[in-house]
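Chemist: what follows is a predicted protein model with its sequence.
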Amino acid sequence: MILRQLLSHLPKAVASGNLDHVANGVTADSRKVKPGTVFVAIRGEESDGHKFIGSALKKGAIAIVAESAPDADFDEKVVWIHSCDTRSALGIIASAIADSPSAKLRTVGVTGTNGKTTTTFLLQHIMKQSWTRAGLLGTITVDDGVERSEATHTTPSADILQGQLGAMVANGCRGVAMEVSSHGIEQKRVAAVQFDAAVFTNFSQDHLDYHGSMAAYFDVKKALFEGLAQQEGKKKPVAVINSDDLYGEKLVKELGDDVNVITYGMGAHCDFKVTKIRQQVRGTEFQLDNRGKSYLVRTPFIGRFNVYNTLAAIAGAAAAGIKPRDAVKALAEAPQVPGRMELVGTREGVTLFVDYAHTPDALENVCKTLKDLGPNKLITVFGCGGDRDPIKRPLMGEVASKLSDLCLITSDNPRSENPDAIIKEIEAGMKSKAYRPVPDREEAIRTAVNVAATGDIVLIAGKGHETYQEVAGEKLLFDDRKISRWALKDKIVEVPEEKPERERSYDNFDRKDKGDFKRDKFSDGKRDRNDGGKPEYERPAKYGERRVGEQADKRAGDRRDSRSGERRDFRGGDRRDDRGGNHGERRPFDDKRNDSNNGKR
């Protein structure tokens, strides 16, 4: 794109130099500059891009966009664009070079403290079922419609973001679901994105180390929705807001009539209203009412908070032009969201879940959901990240101790902080004595699994999908889900001690007299003590035994079979097989009987 055309998108900028040069890319990272690239100097928290202008020029930058005027001896062969807001300029230039990709997509942005990842996953799933191809931008994954790659930021820098949106358009995507973080809004990474809808999930304490206060944090979130009213282009964006949330209700009131608003929740006046929630271990179902129509929604997720995430996805999809009934149908086969209330496995009656919950509100929601499943005990393993919002540490401890039967406090991503110091700050909020500090995260997970008994649930909270652990400036390979699976597999199972088989004594069967043992003699009418005092002739005849004498004749006599009138031969004799086959034939002894005595059925 010719620089003169780029400048038309920055009406307040002042340029010097030859504007007829062609720009083939834009970046805010001097290391990525190539010949023909526009370099945008941005003042960041850790570094100032203006210090790297010289490096960018040496690498062939065709133009510089900066918040300061050029030096007096600056080479006029290079275009210098003076802008008072280079952050916004980066997004605008990147969008223009990529030919405004967000305008060609049904773009739905999702923001809020919790639930962004799950909601965007569900949104993309709905879009793909309706449109075949759809993109995804978020904390876990970037999906351009053809390939998936691991995400580095929830909301990437504007130049990278616009490039990813451009790839989605090129790959035939019709829509995109994207997470929008408070950092992304504050740093204007989405300044040039044209939204069809923006979704507000909820609001609670997080990132106060960056924003300073809850009021400032909320104002940043609100800025995304206020920007919908000033959005350029042909789209008529919609704000989709959880009005059950106190801050969501506040947002609805403060936006007024400036933006078209759709609400969702359990309140009577919600546009998308949920009732009759029924939850089981493997999923949830509820009734959804919208514009006089009712739908039965079934999802493979558990938890009240996931009901809200599902509602947000349905309402967001509707704002993007997808019918609610199509969204509901798609959600019945929604995929598992990595590290979000993820059922890792079950062994010996112990069930283990991994969740990304890293705020007091998220941890409370997850613990309440698992307690509702009725476990014998809930064992929670959690920690707090280093160099991040220390105010929430005792709050996390309070929530976990209140809702768990046993807590193991461990390291999350300690970063540059001492893990033991973080744990002590968490312990300050513990209201129960049923906890144990275990700084090594793997050891904590294995300990939790080994102490769990049948009917218990183990929750590993804080890291979710992450495959690393940040310790003292290093990123070490660590995956809660893998460690948990190994721990379940290696779980110590107590095998009940086998009692030694009782030894039989054969002393009493020795026919020789020993000690005070005397053999019974059946003579002189004496009674047999072993047979209840009956005389020998009154004892029951053994199978095949013949008796002699008058009394034996009286007892046995000429007994006949009451069933047939024939004499029964008690010795077995020439018995016929009366269980089937030819009744007149003798059954041979080698006949393989199909009965229980042969161990077969």
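Modeler: Done, it's in.
Chemist: any chance you could map the helices in the stretch 351-500 of the chain?
Modeler: 360-372, 392-403, 419-427, 441-451, 480-489 (DSSP state H, counting those that start in this stretch).
Chemist: and the angle from the longest one to helix 392-403?
Modeler: What it means is helix 360-372. 10 degrees (axes from the mean of the first three to the mean of the last three CA atoms, to 10 degrees).
Chemist: now do helix 360-372: which elements does it pack against?
Modeler: Judged by 3 or more CB pairs under 8 Å, 6 or more residues apart in numbering; DSSP states H and E, the packing partners of helix 360-372 are helix 304-319, strand 350-355, strand 378-382, helix 392-403, strand 457-461. Quick note: C-beta positions are derived from backbone N, CA and C, even for glycine.
Chemist: buried set for that helix?
Modeler: 360-367, 369-370 (16 or more other CB atoms under 10 Å).
Chemist: before we move on, back to that, okay, the helices of the stretch 351-500 of the chain, which one's buried deepest?
Modeler: helix 392-403 (a mean of 22; mean count of other CB atoms under 10 Å).
Chemist: and that one, what other elements does it pack with?
Modeler: Taking 3+ CB pairs under 8 Å, 6+ apart as the contact cut, helix 392-403 packs with helix 360-372, strand 378-382, strand 406-409, helix 419-427.
Chemist: tell me how far the shortest one lies from the chain's centre.
Modeler: Just to be clear, that refers to strand 406-409. 20 Å (CA atoms, centre = their mean, to the nearest Å).
Chemist: follow-up on the earlier one: looking at the helices and strands packed on helix 360-372, which is closest to residue 200?
Modeler: Comparing the helices and strands packed on helix 360-372 against residue 200 with CB to CB, the closest turns out to be helix 304-319 (8.4 Å).
Chemist: in this protein, what helix or strand scores lowest on average pLDDT?
Modeler: helix 550-556 (a mean of 46; mean pLDDT, DSSP states H and E).
Chemist: any low-confidence regions in the protein?
Modeler: 75, 494-601 (pLDDT under 70).
Chemist: including distance to residue 54, could the buried residues of helix 360-372 go into JSON lines?
Modeler: Output for the buried residues of helix 360-372, formatted as JSON lines (distance: CB to CB, whole Å):
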{"residue": "360", "distance to residue 54": "47"}
{"residue": "361", "distance to residue 54": "47"}
{"residue": "362", "distance to residue 54": "45"}
{"residue": "363", "distance to residue 54": "48"}
{"residue": "364", "distance to residue 54": "51"}
{"residue": "365", "distance to residue 54": "51"}
{"residue": "366", "distance to residue 54": "50"}
{"residue": "367", "distance to residue 54": "54"}
{"residue": "369", "distance to residue 54": "55"}
{"residue": "370", "distance to residue 54": "56"}
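Chemist: which one of these is nearest to residue 272?
Modeler: residue 365 (19.9 Å).
Chemist: ok, the closest one to residue 406 distance?
Modeler: 19 Å (CB to CB, to the nearest Å).
Chemist: same check on residue 19?
Modeler: Taken as CB to CB, the span from residue 19 to residue 406 is 68 Å.
Chemist: now residue 312
Modeler: 33 Å.
Chemist: of the two, which one has the most company?
Modeler: Set residue 312 next to residue 406 and count neighbours by other CB atoms under 10 Å: residue 312 wins out with 30 against 20.
Chemist: what about the closest residue to the more buried one other than its chain neighbours, which helix or strand?
Modeler: Distance criterion CB to CB, 6 or more residues apart in numbering; nearest residue to residue 312, sequence neighbours excluded, is residue 119 at 4.6 Å. In this assignment (DSSP states H and E), residue 119 forms part of helix 116-131.
Chemist: follow-up on the earlier one: what's the local residue count around the residue nearest to residue 312?
Modeler: 30.
Chemist: check contacts around it.
Modeler: 110, 177, 199, 201, 309, 312-313, 316 (CB atoms under 8 Å, 6 or more residues apart in numbering).
Chemist: do the same with residue 368
Modeler: Counting by CB under 8 Å, 6+ apart, residue 368 has contacts 304, 403.
Chemist: go again with 7 Å.
Modeler: residue 403 (CB atoms under 7 Å, 6 or more residues apart in numbering).
Chemist: what separation do you get for it and residue 378?
Modeler: Taken as CB to CB, the span from residue 368 to residue 378 is 10 Å.
Chemist: got any residues that touch both of these two?
Modeler: Joint contacts of residue 368 and residue 378 (CB under 7 Å, 6+ apart) are residue 403.
Chemist: what's the burial count for residue 254?
Modeler: Using other CB under 10 Å: residue 254 sits among 12 other residues.
Chemist: can you tell me the helix or strand for it?
Modeler: Going by DSSP H and E, residue 254 is in helix 246-255.
Chemist: do residue 297 as well
Modeler: Judged by DSSP H and E, residue 297 forms part of strand 293-299.
Chemist: can you list the helices and strands packed on helix 392-403 in TSV and add distance to residue 321?
Modeler: Formatted as TSV, the helices and strands packed on helix 392-403 follow (distance: least, CB to CB, whole Å):
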stretch	distance to residue 321
helix 360-372	31
strand 378-382	40
strand 406-409	46
helix 419-427	46
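Chemist: ok, which of these comes nearest residue 146?
Modeler: helix 360-372 (32.5 Å).
Chemist: which SS state does the nearest residue to residue 34 once chain neighbours are set aside fall under?
Modeler: What sits nearest to residue 34 in space, not counting adjacent residues and going by CB to CB, 6+ apart, is residue 60, at 6.2 Å. The three-state label given to residue 60 by DSSP: H, G, I helix; E, B strand; the rest coil is coil.
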